[in-house]
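In: I would like to see how this sequence folds:
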Amino acid sequence: MKNNNNNGVTTSEKYKLQLVNNESYTKLLSNNRSWVDKQLQQDPEFFNTLAKGQSPEVLWIGCADSRVPANEVTGTKPGEVFVHRNIANVCVHTDMNMLSVLDYAVNVLKVKHVIVAGHYGCGGVAAALSNKQFGLIDNWLRHIKDVYRLHSHELDRITDQEQKVNRLVELNVTEQAYNLCKTTIIQNAWKERDDLYVHGWIVDIGTGLIKDLGVSANDAHQLGYVYEVQANEVAVH
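Out: Purely as a prediction, here's the structure:
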């Protein structure tokens, strides 16, 4: 933009001045330089090594909530965890974004662990438990409402709202991990590998600790007949 305002300052220059005076924005750049300096002090070859490629063993599918960053929560370094995040860590077979990440992680990076990571107090899950309208996100929250429908007999018995939300957080992670297992991406990989696992985790923001829900899987035999995909065959009618 080169439009001049009344003071002879171009629009682009005006925006630059605004950004320079924006503390939260400039802090990001300052923190980046400090982080780079720290990494180079510890390892002068850190970025040269990082630039050569990645070989993570973990795919983390988590919530977009800013309080649950995958690397910090697991104490891992850049290059060790491949990450996909969305509202309430939903995994559905119509989400091409998630499926593309999953396919690349499983078939190219050859990750060994796919983790669906939810967290207690999830705002998306809490919203799905209400009958309020929030806007565009309502269409996304429908997936979580469907999880509620499957488990309403249990959830409706919980009178404490916080406990109800946190229980749906757990059930949502379980169902999303199950959804991953039903994808052809995971099932075809299982036919060739025995070192690929799908897990369901919960992060307790109040303590920082991870809870393993114990729903790990590394084969398709418990999915049910219609979900266990067999060899590629064309149905004959």
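In: what is the subsequent helix or strand relative to the helix or strand of the chain with the lowest mean pLDDT?
Out: The weakest-scoring helix or strand in the chain, judged by mean pLDDT, DSSP states H and E, is helix 11-20 (a mean of 67). Counting by DSSP states H and E, the element after helix 11-20 in chain order, helix or strand, is helix 23-42.
In: same for that following helix, what does it pack against?
Out: helix 11-20, helix 46-50 (3 or more CB pairs under 8 Å, 6 or more residues apart in numbering; DSSP states H and E). Quick note: C-beta positions are derived from backbone N, CA and C, even for glycine.
In: quick one: it to chain centroid distance?
Out: Its chain's average C-alpha position is 25 Å from that of helix 23-42, according to CA atoms, centre = their mean, to the nearest Å.
In: keeping just the C-alphas, turn it into CSV.
Out: Extracted C-alpha coordinates of helix 23-42, given in CSV (Å, rounded to 0.1, in the frame of the first residue of the first chain):
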residue,chain,number,x,y,z
GLU,A,23,4.0,-4.7,22.9
SER,A,24,2.4,-8.1,22.5
TYR,A,25,3.6,-8.3,18.9
THR,A,26,7.1,-7.1,19.4
LYS,A,27,7.5,-9.3,22.4
LEU,A,28,7.1,-12.4,20.1
LEU,A,29,10.0,-11.2,17.9
SER,A,30,12.2,-10.4,20.9
ASN,A,31,11.4,-13.8,22.5
ASN,A,32,12.4,-15.5,19.2
ARG,A,33,15.8,-13.9,19.2
SER,A,34,16.3,-14.8,22.9
TRP,A,35,15.3,-18.4,22.1
VAL,A,36,17.7,-18.6,19.2
ASP,A,37,20.6,-17.3,21.3
LYS,A,38,19.8,-19.8,24.0
GLN,A,39,19.7,-22.7,21.6
LEU,A,40,23.0,-21.7,20.0
GLN,A,41,24.7,-21.4,23.3
GLN,A,42,23.7,-24.9,24.2
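In: no further queries at this time; thank you.
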